[in-house]
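Undergrad: quick one, structure for this:
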Amino acid sequence: MMKYFPIILLISIFSDLVIADSSFNRGKEKSVTCSACHGSDGNSNNKMYPRLAGQYKNYLIHSLKAYKSGSRQNAIMSGFAAGLSDQDIIDLSTYYSKQKGLNIIPKN
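TA: Numbering: from 1, shown residues only. Now for the predicted structure:
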């Protein structure tokens, strides 16, 4: 069993990378609707809409699930989140969490 450990470890690491990459790509495809308010990469230039780029993945997942369940209230976001599956939420959160954003200073 121990002689197979390095192989199992490599397969495990590689499969996690492939899954994360596919989740990122699906999130990018699904983010088209979000880009109207939050910007194409999650860096909204409008202060009325929060920046999603660079946020923690778990924070984004929690927020979208809260909008979907109604425990967090916003008429626009609740409507959008209602149609998202759990996989959609993971994909979008993966995409936005990988974007550069938290340290970007907005241009006035």
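Undergrad: where does the prediction get shaky in this structure?
TA: Judged by pLDDT under 70, the chain has its weakly predicted residues at 1-2, 4-21, 102-108.
Undergrad: tell me which stretches of it form helices.
TA: Counting by DSSP state H, the segments of the chain that form helices are 5-30, 35-38, 57-69, 75-82, 86-97.
Undergrad: comparing those helices, which comes out most buried?
TA: helix 86-97 (a mean of 20; mean count of other CB atoms under 10 Å). In short, each C-beta sits where N, CA and C put it, glycine included.
Undergrad: show me what it is packed up against.
TA: Identification of packing neighbours for helix 86-97 by 3 or more CB pairs under 8 Å, 6 or more residues apart in numbering; DSSP states H and E yields helix 5-30, helix 57-69.
Undergrad: what's the spacing between Gly101 and Cys37?
TA: Applying CB to CB, to the nearest Å, the value for Gly101 to Cys37 is 15 Å.
Undergrad: next: Lys98.
TA: As for Lys98, its distance to Cys37 is 19 Å (criterion: CB to CB).
Undergrad: next one: Met48
TA: Going from Met48 to Cys37 by CB to CB gives 8 Å.
Undergrad: cool, Pro50 as well?
TA: Distance, Pro50 to Cys37, by CB to CB: 9 Å.
Undergrad: which residues are in contact with both of the two?
TA: Ser44 (CB atoms under 8 Å, 6 or more residues apart in numbering).
Undergrad: list the contacts of the residue nearest the centre of the chain.
TA: The centroid of the chain falls nearest to Ser93 when counting by CA atoms, centre = their mean (1.3 Å). With contacts defined as CB under 8 Å, 6+ apart, Ser93 is in contact with Gly27, Lys57, Asn58, Leu60, Ile61, Leu64.
Undergrad: repeat the analysis, applying 7 Å as the threshold.
TA: By CB atoms under 7 Å, 6 or more residues apart in numbering, Ser93 lies in contact with Lys57, Leu60, Ile61, Leu64.
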